[in-house]
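A.B. asks: curious how this folds, go ahead:
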Amino acid sequence: MAADILLYDTDAVPVGGDQDQHVELCRDLAERFNRTYGQTFVVPRLEKAPLATRVTDLVDPSTKMSKSAALSAAGVIRMLDAPDVIVRKINRAVTDSDAEVSYAPDRKPGVSNLIDIVASLRGEDPDTVAAAHSTYRELKRSCADQVVSVLEPIQHRYRDLARHPAQLEAMLKTGADRARASAEPVLKRARENLGLIDL
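C.D. replies: Numbers count the residues shown, from 1 in each chain. Below you'll find the model as predicted:
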């Protein structure tokens, strides 16, 4: 991760709540390298996401929603989940028994998780989202609608690309060439400052 950041002279790294330490490690590596071998890398700054920095599992809101969960995991929304699957997962999301839609992550983690998802996708304040819903059913419907509306264009594009593998390969090659060209000056600077000779 540090190499992916440092190779492209990245000055800001937007991250979720559980990635802070990775960016801090990257900053430490850049500072130490620069101090030892001369100014080489941009020291990136951490740019925390304002909302939904840690989306939790829909079934177990005490744990984060993880891409490494089993494919059948009921609490995880996947990028390619069909709309009806997304709706079903969100409808089964854990809430609580008091039926009060309010944003209180420490007291109401499941409800607050749904509010966070809606707020981040709408670009609204979590309290505003909570105030706009009087029942958990309404909140879940809004959450499902928002998630589906964001993921459908991505899924549509994925299907288009999957139907044209040659075009996809060409795009990947173009992207790799651009990434290589962008990283080359940084890598050259690092090698020179280390005293390594190009063969």
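A.B. asks: the helix or strand containing residue 142: what's the following helix or strand?
C.D. replies: Assigned by DSSP states H and E, residue 142 belongs to helix 136-163. The helix or strand immediately downstream of helix 136-163 is helix 165-194, counting by DSSP H and E.
A.B. asks: that following helix vs helix 136-163, what angle?
C.D. replies: 90 degrees (axes from the mean of the first three to the mean of the last three CA atoms, to 10 degrees).
A.B. asks: helix 165-194: how far from the chain's middle?
C.D. replies: How far helix 165-194 lies from its chain's middle: 23 Å, per CA atoms, centre = their mean, to the nearest Å.
A.B. asks: going forward, count from 12.
C.D. replies: All set: I'll call the first residue 12, so the last point we hit is now helix 176-205.
A.B. asks: flag every buried residue along it.
C.D. replies: 194, 197, 200-201, 204 (16 or more other CB atoms under 10 Å). Placement of C-beta: from N, CA and C, glycine included.
A.B. asks: what's the average pLDDT for that helix?
C.D. replies: Helix 176-205 carries an average pLDDT of 95.
A.B. asks: show me what that helix is packed against.
C.D. replies: Counting by 3 or more CB pairs under 8 Å, 6 or more residues apart in numbering; DSSP states H and E, the packing neighbours recorded for helix 176-205 are helix 31-48, helix 147-174.
A.B. asks: try it again with 6 Å
C.D. replies: For helix 176-205, the contact count by 3 or more CB pairs under 6 Å, 6 or more residues apart in numbering; DSSP states H and E identifies no helix or strand as a packing neighbour.
A.B. asks: let me know the angle separating that helix from helix 31-48.
C.D. replies: Computed by the same axes, to 10 degrees, the angle between helix 176-205 and helix 31-48 is 40 degrees.
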